[in-house]
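>>> Here is a sequence with its predicted model. Questions after.
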Amino acid sequence: MLVRMTIDRLDASVIAALRENPRVGLLEIARRLGVARGTVQARLAKLEQRRVITGYGPEIDAAALGYSISAFMFIELAQGRLAEAVEVMRGMPELLEADAISGPQDVICRVVARDTEHLQELVNELLRAPAIRRCTSYIVLSRQVPPRTGPLVQAAGARG
């Protein structure tokens, strides 16, 4: 069960400092925010325990790795076969995320490909699975707002 948690301005500031520079040390964050190192450490531990902070990994630019095509794929499943389809999707490194959705399709995925031919191969790979009935892909022309959580954290911190 997900426990809802409010954060305050200090929590939001700690998160913002880590988003700005994930390699910064706790002592430096404490210095910038004008609080004790132990306070920053305790706040981080609380945020991690409550799963507000879920990771510290580097962010990757798929295009810099040779995957210049980014696309969203809507998938329609055979009735009751979500788990089977998820196993197929988990086996595709180019499939970056997938969410079950409401509406006429069942799943939306974000995928990357080297080129349009590679994107077609990914679609074909998905369609080979008996659990997947139909795929519709939409190529991203340009990203207008990158994935972000900063404004959300700032708003939540202002509420708390």
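Here it is on my side, so go on.
>>> How is the protein partitioned into domains?
Listed by automatic domain parsing, the domain ranges of the chain are 9-58, 62-139.
>>> For G150, which of the ones you listed is the nearest?
Checking the domains of the chain against G150 by Cβ to Cβ gives domain 9-58 as the closest, at 5.8 Å. No exception for glycine: its C-beta is placed from N, CA and C like everyone else's.
>>> quick one: average confidence on that closest one?
Average pLDDT, domain 9-58: 92.
>>> Could you number the chain from 12 rather than 1 from now on?
OK, 12 is where the count begins now, so the last one is domain 20-69.
>>> just to revisit the earlier point, would you mind telling me which of the domains of the chain is nearest R170?
domain 20-69 (9.6 Å).
>>> would you turn the domains of the chain into JSON lines with distance to V156?
As requested, the domains of the chain are exported to JSON lines (distance: least, Cβ to Cβ, whole Å):
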{"stretch": "domain 20-69", "distance to V156": "16"}
{"stretch": "domain 73-150", "distance to V156": "14"}
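>>> Switch those domains over to TSV; also include mean neighbour count.
Below are the domains of the chain laid out as TSV (neighbours: other Cβ atoms under 10 Å):
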stretch	mean neighbour count
domain 20-69	15
domain 73-150	15
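>>> wait, which of those domains is closest to V164?
domain 20-69 (5.0 Å).
>>> ends of the closest one, how far apart?
25 Å (Cα to Cα, to the nearest Å).
>>> for the residue nearest the centre of the chain, what are its contacts?
Nearest to the geometric centre of the chain sits E108, at 7.0 Å (Cα atoms, centre = their mean). Going by Cβ atoms under 8 Å, 6 or more residues apart in numbering, E108 touches 120-121.
>>> which stretch of helix or strand covers it?
Applying DSSP states H and E as the criterion places E108 in strand 106-111.
>>> Can you work out which other helices and strands pack against whichever helix or strand comes after that strand?
Next in sequence after strand 106-111, counting helices and strands by DSSP H and E, comes strand 118-124. Helices and strands touching strand 118-124, by 3 or more Cβ pairs under 8 Å, 6 or more residues apart in numbering; DSSP states H and E, are strand 80-88, helix 93-101, strand 106-111, helix 127-138.
>>> Look up how far L37 lies from I119.
37 Å (Cβ to Cβ, to the nearest Å).
>>> no no, V51
According to Cβ to Cβ, V51 and L37 sit 5 Å apart.
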